[in-house]
Each structure stands twice: as C-alpha cells, then as structure tokens.
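> Below are the sequence and a predicted model for it; my questions follow.
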Amino acid sequence: MPAQVYAYAESNDVANSVGNYIIKHQNAALQSGETFKIALSGGSLGKVLKKALIDNKDIAAEVKWDKWEVYFSDERLVPLDHEDSNYGLFNSLVLKNLPAHIVLPKVYTIDESLVTGKDGQVQDVDLEKDLEIASKYESNLPKGAKFDVILLGCGPDGHTCSLFPGHNLLNERSKLIAYISDSPKPPPRRITFTFPVLENATTIAFVAEGAGKAPILKEIFENKHTKLPSKLVNDLTTGVQVSWFVDNSAIEGVGIVPSKY
Ligand SMILES: O=C(O)[C@H](O)[C@@H](O)[C@H](O)[C@H](O)COP(=O)(O)O
C-alpha cells in the first residue's frame, strides 16, 4: 500500500485534517472493539493535537475520550511534569484543556519513580533502570502490541520515534520497547517503539510542517535506496496504511502529488 500524502497551505488545515483522520479511525476501532488505541509522539505534534482536538469544536465533540487508550511512541526519561516529557506536553496542551465533565482517557506513562532518585532529581544514566522502564512500558502495551493509530513526527535527520539513522535499534526485533541512552536529539535517555510495533499498526500518520522538513522529505520520497528510519516506516509492506499530513512548504520541490484528506 503506497503512502498517501495530504498537503495544505495553512497549518490549521493540517491540524484539522489530522483531527478528521483520528476521528475516522477512532470510529472504525470502536465499531469492532471497546477501545481506541493510539500512540503519540513528541515535538511539534502536541500543538497540532491541541488545534485539532481542543480548538476545533466540531472535531472535539466527536472525540470519545473515555474510550481512548493513549501511549507514547517514544518518551524521554524525565519526570512527567518536566518540559522535555512527551506525556507532559500532551497533558499541558490537551488533557488540561478538556472540559471538567469529560471522562479522561487511560494514558500509559513511564514509571516516573524509576527516573528520579529519592531526592526527586533525575538520576545519571543507569542502563539497568532504563531497561526496567522499557520492559515495564512494554508490559502495558495493548494485546498483540496492536495500535489503531500511531502518530509520528519526522526529524530533520529522518529519525522517527527515537529511532535514529544508522542506530542499532533499527534492527531490534525481540523487544517491542527499547531504551536508548545516546539519543542524538536531547535529552539522551529515552524509550522508543521498535519496528515490530510499527509494522503491526493498523494505520500510521506522520505530521511534518515547515520548510525545514523539505530536504528530508525530498530524500524520503525521491531516494529509493535511503535507509532513513522515516523512509523505512514509509515503505512498510506489512499491511499498515501510512499517511503524511504536511503543509505545502514541507513538500516544496519534492516530487510527489499530494491529495486532500
Ligand atoms: O520525542 C521526540 O523527540 C519525538 O517523538 C520525535 O521523534 C519527533 O517526533 C521528531 O523529532 C519530529 O519533531 P518535530 O515534529 O518537532 O519536528
């Protein structure tokens, strides 16, 4: 299934389109099951989700928050209220902005107590602890590690989740959640989905905006041989439907024909 690219002039339209995509897959998941299992990334995605799920009142009215199970496709090993925490970002931009009557979703976070010492401070790299955090997070994954939707970003180097170009985690097949202690993008300690989880998803959507993304999108869509992590996800042949939601500047000069969602 070749990836679909949906492009818009305005950032608000990108967000609204992502919102409609989420609702479509939420409704499909709830037709056949009891919960909607979604995984989120960090970075600029938080703002997109706020625009889509909070600010757009039509979309907001369709979100069945009480049926959502929210995971993070990667997470930084920092306290949950730390400015680098992907959960913290989602919490401050989305969860905290939900009206009081809304039943909150079930959100799966890392075990914060393993990140900080007794003094509440972030501890130095401790590989055993990081492995424990990753294994604990893996034990909370949905049955069969099956996600209805995984939302991803694409870094300027082509990384996605915390899977970086050339890193040995790209070959990880036995662990569903792996830890990384040398992330080139700070902070260095993180956990991340591995390829077996990405391959098994029903749908994956990348969100990428701004002219800064154009060189890497050109590489992903025009260089058949590149082994960039985002390209490997883009080319998955395991039946997962991959989409990109971009603004026009992110695909300026890229040889693709976008559609409208
Ligand atoms: O925790 C993280 O660092 C993210 O999950 C990471 O994979 C992000 O999605 C990309 O770096 C794109 O980030 P932007 O959307 O901010 O460019």
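Sure, I can see it.

> In the stretch 101-250 of the chain, which residue sits closest to the ligand?
Using C-beta to the nearest ligand atom, the single residue of the stretch 101-250 of the chain nearest to the ligand is residue 153, 2.3 Å away. To be clear about C-beta, it is placed using only N, CA and C from the backbone, and glycine gets the same treatment.

> Flag every residue of the stretch 151-261 of the chain that's near the ligand.
Contact residues (C-beta under 6 Å from any ligand atom) of the stretch 151-261 of the chain with the ligand: 153-155, 159-161, 185.

> Counting neighbours, which of those residues comes out on top?
residue 161 (30 neighbours; other C-beta atoms under 10 Å).

> Residue 27: neighbouring residues, count only.
Residues near residue 27, counting by other C-beta under 10 Å: 12.

> Spatially nearest residue to the residue of the stretch 1-150 of the chain found nearest the ligand (excluding sequence neighbours)?
Distances between the stretch 1-150 of the chain and the ligand by C-beta to the nearest ligand atom are smallest at residue 43, namely 2.4 Å. Among residues not flanking residue 43 along the chain, residue 153 sits closest, at 4.5 Å (C-beta to C-beta, 6 or more residues apart in numbering).

> I figured the one you found hits residue 41, correct?
Yes - with contacts counted by C-beta atoms under 8 Å, residue 153 reaches residue 41, the gap being 4.8 Å.

> Give me the common contacts of those two.
With contacts taken as C-beta atoms under 8 Å, 6 or more residues apart in numbering, residue 153 and residue 41 have residue 160 as neighbours in common.

> just to revisit the earlier point, what is the nearest of the residues of the stretch 151-261 of the chain next to the ligand to residue 259?
residue 154 (18.5 Å; C-beta to C-beta).

> The stretch 101-250 of the chain: helices as residue ranges?
For the stretch 101-250 of the chain, the helices defined by DSSP state H, counting those that start in this stretch cover 127-139, 195-200, 214-222, 229-234.

> Can you add mean pLDDT and distance to residue 89 and give these back as a markdown table?
Formatted as a markdown table, those follow (pLDDT from 0 to 100; distance: least, C-beta to C-beta, whole Å):
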| stretch | mean pLDDT | distance to residue 89 |
| --- | --- | --- |
| helix 127-139 | 95 | 17 |
| helix 195-200 | 98 | 21 |
| helix 214-222 | 97 | 22 |
| helix 229-234 | 98 | 20 |
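
> Same list, those helices, but as TSV with mean neighbour count please.
Formatted as TSV, these follow (neighbours: other C-beta atoms under 10 Å):
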stretch	mean neighbour count
helix 127-139	16
helix 195-200	20
helix 214-222	18
helix 229-234	23
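
> Right, I'll leave it there.
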